[in-house]
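**Student:** Return atomic coordinates for the entry below.
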Amino acid sequence: MSANKTAWHPPFTGLLQERGPKWTKITGEVSLTMEPQRADDVIEVRVDRPRDPSDAGSVLRLLWGYIVWVALLEFKSIARPFRRGDLLRLLGYGMAWLSAHQAGDALPVGPRTRRRATPADLTLVLVVPSVTPTLQEELRELSLTVELSKTGYHEVRGFPVRLVAVDLGVAAEHERDELMRWFAGVPGERSLEALRWIGQHTGGARPMSAQAELEGWEEWARRYFASLTPDKLAEILDPAQRLAGLDPAQRLAGLDPAQRLAGLDPAQRLAG
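**Tutor:** Here you go, the predicted model:
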């Protein structure tokens, strides 16, 4: 399990191989996962400013109250829903994070104060479009119980680290949040503000945007463009927005001389 093996490791594996039961197979230095351990999001409480309990942001507004110092968040999208082993992976991430933060100065808890991390410092967050039978079955197999909530934020009991399962669909309705509905895959008409936000995060050069080379792009793009009714598209692309960034020649391209002069007073026309 350690990143650095000692001279004692190979002989110990050899001891097990030579003297273990005949009905076992023992292999040393095995990578247990094909993918690197990587949390979707790490949320940290800042120590350079006071925590304001009244500031719950404008998304997942009930989540922030569950966070003490650090949260590891796993998001399951409609393109890749919750699958068997996803919860086990998140729990493993939590244990790996705690193991990596056991030095005396590993966790900042103040501008000049650091200490080792404890299970009480960490929150694990599983965000799913909806709570599925697969997730419920995995919880039962792990002997974990769920405290169901009408808000969509379900506390999971029985693990040494705080664990919250967020049902995006339920939470979106409780908080009346259109973008949470979008990520939950809830159908419905989108407001102009929501469509503009989604459009800003569709392709392009923004760092946090859906890109064509990523899994699930087809579903993202299909849902977005299906939401762009002619009326919504006209509102989004008002004349000022359509012309923004164009040089004069591009703005006048395709217009005959009379159209180019329209809107000018007689003096301006003669000057032209």
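**Student:** in the stretch 151-272 of the chain, which segments are predicted with low confidence?
**Tutor:** 237-272 (pLDDT under 70).
**Student:** Whichever helix or strand residue 182 is part of: which residues count as buried?
**Tutor:** Under DSSP states H and E, the secondary-structure element containing residue 182 is helix 178-184. Buried residues in helix 178-184, counted by 16 or more other Cβ atoms under 10 Å: 178-184. No exception for glycine: its C-beta is placed from N, CA and C like everyone else's.
**Student:** Please report phi then psi for the spatially most central residue of the chain.
**Tutor:** What sits nearest the mean C-alpha location of the chain, by Cα atoms, centre = their mean, is residue 75, with 5.0 Å. Per-residue torsions, residue 75: phi -110, psi 120 (degrees, to the nearest 10).
**Student:** now it: how far from residue 106?
**Tutor:** Separation of residue 75 from residue 106 (Cβ to Cβ, to the nearest Å) stands at 26 Å.
**Student:** Of the buried residues of helix 178-184, which is the nearest to residue 80?
**Tutor:** residue 183 (12.6 Å; Cβ to Cβ).
**Student:** Which residues are in contact with the spatially closest residue to that closest one that is not a sequence neighbour?
**Tutor:** Counting by Cβ to Cβ, 6 or more residues apart in numbering, residue 168 is the residue found nearest to residue 183 once chain neighbours are left out, at 5.8 Å. Residue 168 is in contact with 127-130, 152, 180, 183-184, counting by Cβ atoms under 8 Å, 6 or more residues apart in numbering.
**Student:** would you list those residues in TSV and tack on distance to residue 38?
**Tutor:** Formatted as TSV, the contacts of residue 168 follow (distance: Cβ to Cβ, whole Å):
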residue	distance to residue 38
127	16
128	18
129	21
130	24
152	26
180	24
183	20
184	23
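**Student:** The residue nearest to the centre of the chain contacts residue 60, doesn't it?
**Tutor:** No - Residue 75 lies out of contact with residue 60 (Cβ atoms under 8 Å); the separation is 10.8 Å.
**Student:** any shared contact partners between those two?
**Tutor:** With Cβ under 8 Å, 6+ apart, residue 75 and residue 60 have common neighbours residue 127.
**Student:** how about the strands in this protein?
**Tutor:** Using DSSP state E, the strands of the chain run over 41-44, 70-75, 107-110, 113-115, 122-128, 145-147, 153-157, 162-167.
**Student:** what sits up against the fifth one?
**Tutor:** For strand 122-128, the surrounding residues in contact (Cβ under 8 Å, 6+ apart) are 43, 60, 63, 66-76, 81-82, 86-87, 90-91, 93-94, 97-98, 135, 159, 161-168.
**Student:** again, but for the last one
**Tutor:** When contacts are defined by Cβ under 8 Å, 6+ apart, strand 162-167 is touched by residues 60, 63, 66, 68, 91, 120, 122-131, 135, 144, 146, 152-156.
**Student:** where do the helices sit along the chain?
**Tutor:** Counting by DSSP state H, the chain has helices at residues 9-19, 86-100, 133-141, 168-175, 178-184, 192-200, 217-227, 230-236, 239-243, 248-252, 257-261, 266-271.
**Student:** Rebuild those as JSON lines, extending it with distance to residue 206.
**Tutor:** Shown next, in JSON lines, are the helices of the chain (distance: least, Cβ to Cβ, whole Å):
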{"stretch": "helix 9-19", "distance to residue 206": "46"}
{"stretch": "helix 86-100", "distance to residue 206": "27"}
{"stretch": "helix 133-141", "distance to residue 206": "31"}
{"stretch": "helix 168-175", "distance to residue 206": "22"}
{"stretch": "helix 178-184", "distance to residue 206": "15"}
{"stretch": "helix 192-200", "distance to residue 206": "7"}
{"stretch": "helix 217-227", "distance to residue 206": "14"}
{"stretch": "helix 230-236", "distance to residue 206": "17"}
{"stretch": "helix 239-243", "distance to residue 206": "17"}
{"stretch": "helix 248-252", "distance to residue 206": "24"}
{"stretch": "helix 257-261", "distance to residue 206": "36"}
{"stretch": "helix 266-271", "distance to residue 206": "40"}
